[in-house]
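K.L.:
Sequence and predicted structure are below.
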Amino acid sequence: MDQSPPRPASNADGSVTVRPAVAGSLPALGLSALGVVFGDIGTSPLYTLKTVLSFTPGSPDAATTLGLLSLVIWTLIVVTTIKYVWVAMSVDNDGEGGILALLALLGVKRRARPVIIAVGLFGAALIYGDGAITPAISVLSALEGLDIVTPAFAPYVLPAAVVILIALFAIQPQGTARIGRAFGPIMAVWFVTIAVLGIWGISQHPSVLAAIDPRYGVSYLLSGGMPGFLVLGAVFLCVTGAEALYADMGRSGALPTRLAWSGLVFPSLVVIYPAQAAMVLEGAPVADNIFYRLCPSFLLVPLILLATVATIIASQSIITGAFSMTRQAIRLGWLPRLHITQTSAAGYGQIYVGTVNWLLMIATLGLTIGFGKSDNLAAAYGIAVSATMLLTSALLFIAMREIWGWSLAAAGAVAGAFIVVDASFFAANLAKVAQGGYVPILLAAFVYGIMLIWHLGAVAVSARLQEEVVPVADFMAQITAGNIPRVPGTAVFLTRTERDAPPVMVWHLKHNRALHERLFVLTVETGSTPWIAPSERLKVEEIVPNFWRASARYGFMEHPDIPALLRAAHERGCAIDLSDVTYYVGHETVTARDDKKGLPRWVEALFALMQRNSAHLTEYLRLPLDAVVEIGRQIAI
């Protein structure tokens, strides 16, 4: 049976679970995957071969052209088809892919592994750097075709790209549910169009098909010296969307994604690149965009418009992917809570994260204006993705050993081949650091720093809270000895502590000198899997009469819903009064410890800044605003 993209489903136990729903035919799901998954890799023919040819002085001869083309074709085969479509997509975390889901599977779900977690997080941070560059280079490369129509358009390419990018980011708060339905058909038209152009171009010089022989590429590398090796940094541009393909598999499903790749995307790409090389062999100038030389002049403007729309779709996929990855990182405890808006009830992936959107826009516009041309941006493009791919290959080796049970020799041979290829691309891309490759590295370092500081601070706060719990027996004895009045209703205390009476309850009693008749202490945890089975969602224990201690587990792809969770507890026999519930939430103010045993002052200060600006816990847990009481307290870390 075929799987459709995940969609939310409300559960009686208080969750909104994303489960793969069986709906639609496989071709229809494959068409949907075209609009979600393949935008980035599908628009790479606009700039890849042009950038590759820029490494050759003058007009390349036939041997050079065929060698470069062979490298592009076999990069598509080895990296995208074999590594990602067939191997990586077979290693999923309950249907979710991508380096964050992989690190949750290998570094958290199976056992705690700080090194694997650090590797996976840095790979995820690198994707944010790629997310800022992809819209800029894609839109610029599409609009640069206007230079071929008439050189008079040249001064307007950059301003037009800026306007399109501003509009793209500006519409994100409205959601993309309606536009998204058209993404698949539009990308299908794009791939069919480049396939037709490719077949026509190859017919002009059929001998270009000899480049399918990998010996042409190997010969070029062996004879080209250092310049021949460095050209791999440009060749790599043809597969920059492969990591996003893996990360997006949870939206479309592995089988529809593989169908779309094998049935349309790969055949289209594998003919458009030889077609461009054929034009070079025919003597076409390589100084401008060779892609548009394949198009008859009277169809050039429609092709430019189609290419622009395709690059916008590619950019949209990257932006939406950044939103989804941010939500995963938040729920895994590696980013502060940000305000997340569900823009459509029809799809779990239809979300908007304002902070990420506007920061990405600023970075993208800065890159677009600062570099000015797609040729210049190509120097900054690739290093982030090649590093992420290298880290993914290392994680795949562990997955082959531990999940698939492969022998050391078998896993080493397969993953080792991937690592050698990825390391070669990464080394070639390192040569571009001074020309702009430092940009995604700096962006990744910034994001990784935020992740690390937030996690260190959150762990420190949790540890301090665990030190301040009071045994339930002592707490109840205090209530009896102090003749504390009990009022009707149920008090729900949200806490990070995992045992005894939590500090938020103790502080409430200290300041209000009264307590509800029924007490419900709840700890909400996010697991390392996307979804938690309903039977494993809620655990409730009545410690003393009318005092319950509960823990709720959610997957990192689920929405906590505490009021619904209480209804589920009530149905299990927990005698809480649902008609009169008050939620108590601690609001921590983080300060530095005086004993010099806490975090470094600068780490504490940055964590405190992020905490003050993070989204409210009440919103995250879907608590009714008119039934929430916040209790302020200082936590020294």
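P.N.:
Yep, that arrived. Numbering: from 1, shown residues only.
K.L.:
from here on, contacts and neighbour counts on C-alpha atoms
P.N.:
OK.
K.L.:
Show me what secondary structure element comes after the helix or strand hosting V280.
P.N.:
Using DSSP states H and E, V280 sits in helix 266-281. Next helix or strand after helix 266-281 toward the C-terminus (DSSP H and E): helix 300-331.
K.L.:
Show me which residues of that following helix are buried.
P.N.:
For helix 300-331, burial by neighbour count (16 or more other Cα atoms under 10 Å) applies to 300-301, 303-304, 306-331.
K.L.:
how distant is the helix or strand just after that helix from the center of its chain?
P.N.:
For helix 300-331, the following helix or strand on the C-terminal side (DSSP H and E) is strand 340-342. Distance, stretch centre to chain centre, for strand 340-342: 16 Å (Cα atoms, centre = their mean, to the nearest Å).
K.L.:
So in that sheet, which strands flank strand 340-342, and in what orientation?
P.N.:
Neighbouring strands of strand 340-342 in its sheet, by DSSP bridges, are strand 351-353 (antiparallel).
K.L.:
Rounded mean pLDDT for the partner strand, please.
P.N.:
Strand 351-353 shows a mean pLDDT of 83.
K.L.:
again, but for stretch 95-108
P.N.:
In this model, stretch 95-108 has an average pLDDT of 74.
K.L.:
and if you look at stretch 400-412?
P.N.:
Averaging pLDDT along stretch 400-412 gives 91.
K.L.:
Just the buried positions in it, please.
P.N.:
Neighbour-count burial for stretch 400-412, counted by 16+ other Cα under 10 Å, picks out M400, R401, A411, G412.
K.L.:
Next step: those restricted to helices.
P.N.:
Applying DSSP state H to the buried residues of stretch 400-412, the entries found in helices are M400, R401, A411, G412.
K.L.:
Name all residues that make contact with the second one.
P.N.:
The contact partners of R401, by Cα atoms under 8 Å, 6 or more residues apart in numbering, come to S407, L408, A411.
K.L.:
By mean pLDDT, which helix or strand of this protein comes out lowest?
P.N.:
Ranked by mean pLDDT, DSSP states H and E, the weakest helix or strand in the chain is strand 7-10, scoring a mean of 38.
K.L.:
Mind putting the buried residues of stretch 400-412 into a markdown table with distance to A434?
P.N.:
Formatted as a markdown table, those follow (distance: Cα to Cα, whole Å):
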| residue | distance to A434 |
| --- | --- |
| M400 | 36 |
| R401 | 38 |
| A411 | 36 |
| G412 | 34 |
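K.L.:
Just give me the closest of the ones in helices among the buried residues of stretch 400-412 to D561.
P.N.:
Within those, the smallest distance to D561 is 36.4 Å, found for M400 (Cα to Cα).
K.L.:
Quick check, A384 in contact with L443.
P.N.:
No. Judged on Cα atoms under 8 Å, A384 makes no contact with L443 at a distance of 9.5 Å.
K.L.:
May I have the beta-bridge partners of F493?
P.N.:
Bridge pairing for F493 - DSSP bridges - gives V521, Y584.
K.L.:
Now for it, how many residues are close by?
P.N.:
A count of neighbours around F493, defined by other Cα atoms under 10 Å, yields 24.
K.L.:
quick one, what contacts it?
P.N.:
F493 makes contact with V504, M505, L519, F520, V521, L522, Y583, Y584, V585, according to Cα under 8 Å, 6+ apart.
K.L.:
and what of A310?
P.N.:
Contact criterion Cα under 8 Å, 6+ apart gives G39, T43, I186, M187, W190 as the residues in contact with A310.
K.L.:
Identify the contacts common to A384 and L443.
P.N.:
Shared contacts of A384 and L443 (Cα under 8 Å, 6+ apart): L126, G129.
K.L.:
Strands of the stretch 451-600 of the chain, start to end?
P.N.:
Here the stretch 451-600 of the chain has its strands, by DSSP state E, counting those that start in this stretch, at 486-494, 515-526, 538-544, 547-554, 559-560, 581-591.
K.L.:
quick one on the thing from earlier: how about residues contacting the helix holding V280?
P.N.:
The contact list for helix 266-281 (Cα under 8 Å, 6+ apart) reads 42, 45, 49, 59-62, 65-66, 69, 72-73, 191-192, 194-195, 197-202, 204-206, 208-209, 286, 290-291, 293-294.
K.L.:
isn't H339 right next to I351, touching?
P.N.:
No. Contact criterion Cα under 8 Å: H339 and I351 do not qualify, at 10.3 Å.
K.L.:
With neighbour numbers in mind, choose between those two.
P.N.:
More crowded of H339 and I351, by other Cα under 10 Å: I351, with 23 against 16.
K.L.:
Isn't the more buried one up against R327?
P.N.:
No. Between I351 and R327 there is no contact under Cα under 8 Å: 9.3 Å.
K.L.:
which residues do these two both contact?
P.N.:
Shared contacts of I351 and R327, defined by Cα under 8 Å, 6+ apart, comprise I340.
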